[in-house]
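Visitor: Sequence plus predicted model, see below.
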Amino acid sequence: MTQIATPVESIPPTFNAAVDEILTHDGFSAAAEGTEAGDEFATINHTGVGRYIRNHWALRESSEDTPLYDNMQTLGYTHADDMSAAILQAAWCKHNNLEFDIESSVAEFKQYWDDAA
């Protein structure tokens, strides 16, 4: 089991709480302004903020179970990269006053993994 650097009680407990947490970080607005779509924003930030989310919010399968990980699994996300991408995409959408379609997001990631199998 991987040791997480963030105390479990400091990790946002749900997908929506994680989105709100990302929106409070310094530099988010400037970074979001430079992109035209949520998926573009998530791709650009995959190795920066995305990695932070995956590692410090315990989204890896080998991590300790956390409420956020469990919530993301319940929503239908099965891979840490997909979880962090969805959080970033939803934050971008919320920042830009756009709806984030979680059901479509889950379906797209599921299709990706089905095709890769």
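Guide: Cool, the structure landed. Residues are numbered from 1 along each chain as shown.
Visitor: so who does the nearest residue to Ile102 once chain neighbours are set aside touch?
Guide: Closest residue to Ile102 apart from its sequence neighbours, by Cβ to Cβ, 6 or more residues apart in numbering: Leu75 at 6.4 Å. Quick note: C-beta positions are derived from backbone N, CA and C, even for glycine. For Leu75, the contact set (Cβ atoms under 8 Å, 6 or more residues apart in numbering) comprises 15, 102, 106.
Visitor: neighbour-wise, which of those leads?
Guide: Counting neighbours by other Cβ atoms under 10 Å, the top entry in the contacts of Leu75 is Phe15, with 20 neighbours.
Visitor: State the distance from that one to Asp115.
Guide: 24 Å (Cβ to Cβ, to the nearest Å).
Visitor: So what's the predicted local confidence for Asp26?
Guide: Note for Asp26: predicted pLDDT of 72.
Visitor: Based on its surroundings, how many neighbours for it?
Guide: Asp26 sits with 6 neighbouring residues when counted by other Cβ under 10 Å.
Visitor: Confirm it sits in a strand?
Guide: No - counting by DSSP: H, G, I helix; E, B strand; the rest coil, Asp26 falls outside a strand, being coil.
Visitor: can you list the residues that contact stretch 14-24?
Guide: In contact with stretch 14-24 (Cβ under 8 Å, 6+ apart) are residues 12, 28, 49, 53, 57, 67-68, 71-72, 75, 86-88, 90-91, 94-95, 102.
Visitor: what about Leu88, how many neighbours?
Guide: Around Leu88 there are 27 residues (other Cβ under 10 Å).
Visitor: about what we covered before: which of the contacts of stretch 14-24 count as buried?
Guide: 12, 28, 49, 53, 57, 68, 71-72, 86-88, 90-91, 94-95, 102 (16 or more other Cβ atoms under 10 Å).
Visitor: Restricted to strands, list those.
Guide: When those are checked against strands (DSSP state E), there are no matches.
Visitor: give me the number of residues near the residue lying closest to His56 once chain neighbours are set aside?
Guide: Once flanking residues are discounted, His56 sits nearest to Thr6: 4.6 Å by Cβ to Cβ, 6+ apart. Counted with other Cβ under 10 Å, residues neighbouring Thr6 total 13.
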